[in-house]
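Participant: okay, here's the prediction I keep looking at, along with the sequence it came from:
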Amino acid sequence: MPIGIGSLPHLDPDQASELILKYFPASPFWPQLPRRTFKEGMLVQFAAGMPGVVIGDNKIYFRLPFVPMAEWENYYAAITEEESKYYSLDREYASGFYSLLEHLQFRKPLLIKGQITGPITFGLGVMDEKKIPIFYEPNLKEMFLKIIAGQARWQEREFRRVVPEAETLIFFDEPLLSGYGSISMNLSKEEIISTLREVISPLQGLSGIHICGATDWSMVMQTGVKVIHFDAYQFFPNLLTYAPELKEFLLQGGFLAWGIVPAEEEFIKNETTLSLKSALEEKMGLLVKEGVPAEVLQQNSLISQSCGLASLSPAMAEKALQLSRELAEEMRQAPY
């Protein structure tokens with residue numbers, strides 16, 4: 001099955017939703033549109049309404065905890081409620097989410113995918129007024145973890161409200177985890193795993209992690225996530241080193257989302273469905289040689305783009321979606 005990452009270069013949310021449903025009618029995702037407005041950037045989009053957040057002049061930061069106190073008092077009064085207002089996405093910041101829901105009214109997809117900025121990327125990517133990542137401030141960390149988990153669960157519930165019979169998949173986008181092990185990331189493996197588990201565990205449907213670079217995949221597999229998405233176009237050798245762990249992950253029901261369709265214009269303009277199929281089959285063959293059962297790998301694989309498509313032209317973004325669909329169709333016919 002083909003799935004999308006999230007971002008598109010479009011300015012009109014309805015146009016973006018229609019394009020997604022054209023190519024992924026059975027497995028749509030809601031479009032993030034960062035070119036439309038700064039408010040739809042991945043760090044800003046999910047911060048709207050959080051206590052202490054300041055958004056404006058194309059920047060975002062948090063005041064120190066409990067300033068202003070009224071925002072925190074309102075937060076603590078409401079956050080214990082399952083339907084807390086802090087868990088819903090603001091239409092002004094997530095126009096694509098609401099557009100897709102409207103377009104799904106009379107459709108019956110098998111799977112609906114949502115996404116949210118993961119807690120590591122959000123916590124390290126957003127600063128307080130002292131320019132310190134909010135991950136390191138205990139009160140701010142406790143707050144944003146609770147809201148991120150609630151927003152992910154809220155997306156899941158909204159999808160099921162509109163299409164009750166569809167499976168749901170919520171991705172936590174964690175591009176900063178490609179820097180794990182570097183001096184720029186002062187977090188232990190245990191802290192990363194526990195943080196991700198905290199936001200993943202409340203989900204009732206499928207959960208996924210998107211990392212568009214090299215990382216410690218054995219660490220990711222310990223978070224309880226069901227779908228691992230990786231950049232198979234440029235970073236397959238990194239994943240191959242974790243073949244034994246991947247074998248167990250797949251045998252236990254996990255899924256591998258192959259980001260084999262490149263999200264860079266210089267690469268995608270030269271690719272075809274057949275060229276990508278050849279590359280994918282070669283890489284799958286290398287995993288099989290490392291002991292991953294071919295049939296399990298075939299059944300538990302998804303086809304995707306290497307990263308979000310917002311940096312592409314609309315024409316190239318559409319090509320990426322078309323290639324993803326066509327490649328998924330071709331691979332379903334593969335003789336495993």
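Facilitator: That came through, no problem. Residues are numbered from 1 along each chain as shown.
Participant: SS state for the nearest residue to residue 75 once chain neighbours are set aside?
Facilitator: For residue 75, ignoring the flanking residues on the chain, the nearest one in space by CB to CB, 6 or more residues apart in numbering is residue 51 at 4.3 Å. No exception for glycine: its C-beta is placed from N, CA and C like everyone else's. Recorded secondary structure, residue 51: coil (DSSP: H, G, I helix; E, B strand; the rest coil).
Participant: what residues are up against residue 51?
Facilitator: 71, 72, 74, 75, 143 (CB atoms under 8 Å, 6 or more residues apart in numbering).
Participant: drop anything exposed from those.
Facilitator: Buried residues within the contacts of residue 51, counting neighbours by 16 or more other CB atoms under 10 Å: 71, 72, 75, 143.
Participant: give me the below-cutoff pLDDT ranges for the stretch 101-250 of the chain.
Facilitator: For the stretch 101-250 of the chain, applying pLDDT under 70 flags the ranges 183.
Participant: hmm, 80 instead?
Facilitator: Applying pLDDT under 80 to the stretch 101-250 of the chain flags the ranges 181-185.
Participant: what segments of it are helices?
Facilitator: 119-125, 138-162, 189-200, 217-220, 236-240, 243-251 (DSSP state H, counting those that start in this stretch).
Participant: and these as TSV, adding distance to residue 22?
Facilitator: Formatted as TSV, these follow (distance: least, CB to CB, whole Å):
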stretch	distance to residue 22
helix 119-125	30
helix 138-162	19
helix 189-200	31
helix 217-220	32
helix 236-240	29
helix 243-251	31
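Participant: any idea which element residue 275 lies in?
Facilitator: Residue 275 is part of helix 273-289, with elements assigned from DSSP states H and E.
Participant: same question for the helix or strand that comes right after that helix, mean pLDDT?
Facilitator: Per DSSP H and E, the first helix or strand lying C-terminal to helix 273-289 is helix 294-299. In this model, helix 294-299 has a mean pLDDT of 95.
Participant: distance from the chain centre to the helix or strand that helix 294-299 is followed by, please.
Facilitator: As assigned by DSSP H and E, the chain's next helix or strand after helix 294-299 is strand 301-305. The chain centroid and the centroid of strand 301-305 are separated by 13 Å, computed with CA atoms, centre = their mean, to the nearest Å.
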